[in-house]
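Peer 1: sequence first, predicted coordinates after that:
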Amino acid sequence: MNSQEGKTANKGSPKKILILFLVLLLGVGIYFGVQWLIFRRHYVSTDDAQVKGNLISLSAKVSGRITQLLVEEGDAVVPGQVIVQLEKEDYAAAQAQARANLEMAKQDLAKAITQLSLTRERVSQGIGTAEASVREAVESLKFAEDDAALQTDRVNKEIERARANLQATRAKVLEAKATMANAQKEFDRNQELFRQNYVAENSRDAAETAWQVARSKYQVALENERESLSQLELAEANRRSIVLKKQSIRITEQVLEKTKINLALAREEKKQISLQEKNIELLKAKVQEAEAAFRLAEIRFQETTIYSPIRGVISKRLADQGQMVQPGQPILMVNDPEDKWVVANVEETHVRRVRQAAEVKVEVDAFPNRTFEGRVEFIGAAALSEFALLPADNPSGNFIKITHRLPVRISVKDPQNLLKPGMMVVVEIKAQ
């Protein structure tokens, strides 16, 4: 009886153990299930997350051969540190040529400005001289016209006086001639009477004296007539002075016309000033162009030296010393180990539970026993599918609903700089 009971007890023991194990397993499952549900209620988790950082590609802006490569992968660099040197002889020559062209353009501009100043002074003096000559010619013409008018009036009056005097002397000649004829007749009559002894000798002598006086007056009258005629001829001869005065007027008029032409030419030279001013504007533009070319040559010369833009570490070297590089060709990759963040791609069905500044726990496969703290900086404004190279739209009409993901940027605390760009992480974002 006891053996049967013992056999029965031995048979029931494994079954009890199995039931107990199942109960224990169920309890553990329930416990972890409850923990998972609680975690899912309070956290949004995803393993589609990666550490990001600013990987700066340092490239040449000008073509050239690398003469010095001063850093290696893993070297720390500081802002402004020279890390690559390209050969600069060609760019130094181009800079010198640009400087020479700039100096030549400045000299041409200075020469043109000086020439413009001289032209302005010459034109101003020429116009002033021409205007003074015109005024002088106008005054000379007025003086010549007034002088000619006065000379004409004076000559005409002298001729009139000479003619009147000639007429008066001619009348006196006629009078003296008549007197002389009467005196001669009286003398002849007295002479005949004296011969016949009818008159005394003194009567004959008185008649003779009267005749001689009359003849003398007649000679004087003739002399006065000749003198008056000479004066008339002289006065009429003075008419030539009027012709000369008129000739002087014509010469003065010609001088005036010539001075007016000179004034017009002097004023016309002002156009030279305008042309020279336009030439100066062109030369100023050439100077600006030469300055821009010199600055460009100087910039290209300076760009043969490549500096580190940040404080960081050389992540990758993509070229070797002595290699010929082209503009835009990457030479080095540099990044700041302290400047990093995590980008988690959260499903759109859970992103509504994510809020900015929410606390985040970050777990990294490289450090399984360590958790990094972080906070949500911002939530992406568009799903990742919107940035895909191939569009997700299907024009054929077939449609499959797919849950898309939105990027969430997370700042992470890592004072020891253990996290590196590219590491895969698991993030747990505290839900709101």
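Peer 2: Here it is on my side, so go on. Because the structure is predicted, anything quoted here is derived from the model rather than measured.

Peer 1: for Glu73, which residues are in contact?
Peer 2: Counting by C-beta atoms under 8 Å, 6 or more residues apart in numbering, Glu73 touches Ile314, Ser315, Lys316, Arg317. Every C-beta, even on glycine, is put in place using the N, C-alpha and C of the backbone.

Peer 1: isn't the last one right up against Gly74?
Peer 2: No - taking contact to mean C-beta atoms under 8 Å, the distance of 9.7 Å between Arg317 and Gly74 leaves them out of contact.

Peer 1: who has more neighbours, those two?
Peer 2: A direct count of neighbours by other C-beta atoms under 10 Å for Arg317 and Gly74 places Arg317 higher, at 16 against 9.

Peer 1: torsion angles phi and psi at that one?
Peer 2: Backbone torsions for Arg317, taken as degrees, to the nearest 10, come to phi -110, psi 130.

Peer 1: show me what contacts it?
Peer 2: Leu69, Val71, Glu72, Glu73, Ile331, Leu332, Met333.

Peer 1: which parts of the strand or helix carrying the last one are buried?
Peer 2: Mapping Met333 onto the secondary structure by DSSP states H and E places it in strand 330-347. Taking 16 or more other C-beta atoms under 10 Å as the basis for neighbour counts, the residues of strand 330-347 that come out buried are 331-337, 340-346.

Peer 1: low-confidence ranges, the stretch 251-400 of the chain, go.
Peer 2: Regions of the stretch 251-400 of the chain meeting the criterion pLDDT under 70 cover residues 389-399.

Peer 1: break down it into its strands, ranges please.
Peer 2: Counting by DSSP state E, counting those that start in this stretch, the segments of the stretch 251-400 of the chain that form strands are 305-307, 312-317, 324-325, 330-347, 359-364, 367-379.

Peer 1: distance to Gln196 added to those strands, as a markdown table?
Peer 2: Listed next are those as a markdown table, based on distance: least, C-beta to C-beta, whole Å:
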| stretch | distance to Gln196 |
| --- | --- |
| strand 305-307 | 159 |
| strand 312-317 | 173 |
| strand 324-325 | 163 |
| strand 330-347 | 167 |
| strand 359-364 | 187 |
| strand 367-379 | 175 |
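
Peer 1: out of these, nearest to Leu118?
Peer 2: Nearest to Leu118 among these is strand 305-307; the distance by C-beta to C-beta comes to 47.0 Å.

Peer 1: that closest one pairs with which strands?
Peer 2: strand 82-86 (antiparallel) (DSSP bridges).

Peer 1: which is the next helix or strand following the partner strand?
Peer 2: The first helix or strand that comes after strand 82-86 along the chain, using DSSP H and E, is helix 89-195.

Peer 1: now the phi/psi pair for Lys413, please.
Peer 2: Dihedral pair for Lys413: phi -90, psi 120, per degrees, to the nearest 10.

Peer 1: neighbours around it, how many?
Peer 2: Using other C-beta under 10 Å, Lys413 has 11 neighbouring residues.

Peer 1: what of Glu303?
Peer 2: Glu303: 16 surrounding residues under other C-beta under 10 Å.

Peer 1: what's the closest non-adjacent residue to it?
Peer 2: What sits nearest to Glu303 in space, not counting adjacent residues and going by C-beta to C-beta, 6 or more residues apart in numbering, is Lys61, at 4.4 Å.

Peer 1: ditto for Leu86
Peer 2: Nearest to Leu86 is Gly64, by C-beta to C-beta, 6+ apart, at 3.6 Å.

Peer 1: surely the one you found touches Val325?
Peer 2: Yes - between Gly64 and Val325 there is a contact under C-beta under 8 Å: 6.7 Å.

Peer 1: hey, what's in contact with both of those two?
Peer 2: Common neighbours of Gly64 and Val325 (criterion: C-beta under 8 Å, 6+ apart): Leu86.

Peer 1: what's the distance between the most centrally placed residue in the chain and Phe294?
Peer 2: With distances taken as C-alpha atoms, centre = their mean, Ala285 lies nearest the centre of the chain, 6.0 Å away. Per C-beta to C-beta, to the nearest Å, Ala285 is found 15 Å from Phe294.

Peer 1: report the distance from stretch 316-330 to the chain centre.
Peer 2: Centroid separation for stretch 316-330 versus its chain: 39 Å, with C-alpha atoms, centre = their mean, to the nearest Å.

Peer 1: let me know the secondary structure of the residue lying closest to Ile83 once chain neighbours are set aside.
Peer 2: Spatial nearest neighbour of Ile83, chain neighbours left out: Val71 (4.8 Å); criterion: C-beta to C-beta, 6+ apart. What DSSP: H, G, I helix; E, B strand; the rest coil gives for Val71 is coil.

Peer 1: how close does Val71 sit to Leu58?
Peer 2: To Leu58, Val71 is 10 Å away according to C-beta to C-beta.

Peer 1: find the residues that touch each one of the two.
Peer 2: Ile83, Leu332.

Peer 1: what's the residue nearest to the centre of the chain in contact with, if anything?
Peer 2: Under the criterion of C-beta under 8 Å, 6+ apart, Ala285 has no neighbours.

Peer 1: how much space separates it from Gln95?
Peer 2: As for Ala285, its distance to Gln95 is 22 Å (criterion: C-beta to C-beta).

Peer 1: surely the residue nearest to Ile83 touches Val77?
Peer 2: Yes - counting by C-beta under 8 Å, Val71 does reach Val77; the two are 6.3 Å apart.

Peer 1: of those two, who's got more company?
Peer 2: More neighbours surround Val77 than the other of Val71 and Val77, with 22 against 19 (other C-beta under 10 Å).

Peer 1: shouldn't that one be in contact with Val313?
Peer 2: Yes - the criterion here is C-beta under 8 Å, and Val77 meets it with Val313 at 7.2 Å.

Peer 1: overlap of the contact sets of these two?
Peer 2: Residues touching both Val77 and Val313 (C-beta under 8 Å, 6+ apart) are Val334.
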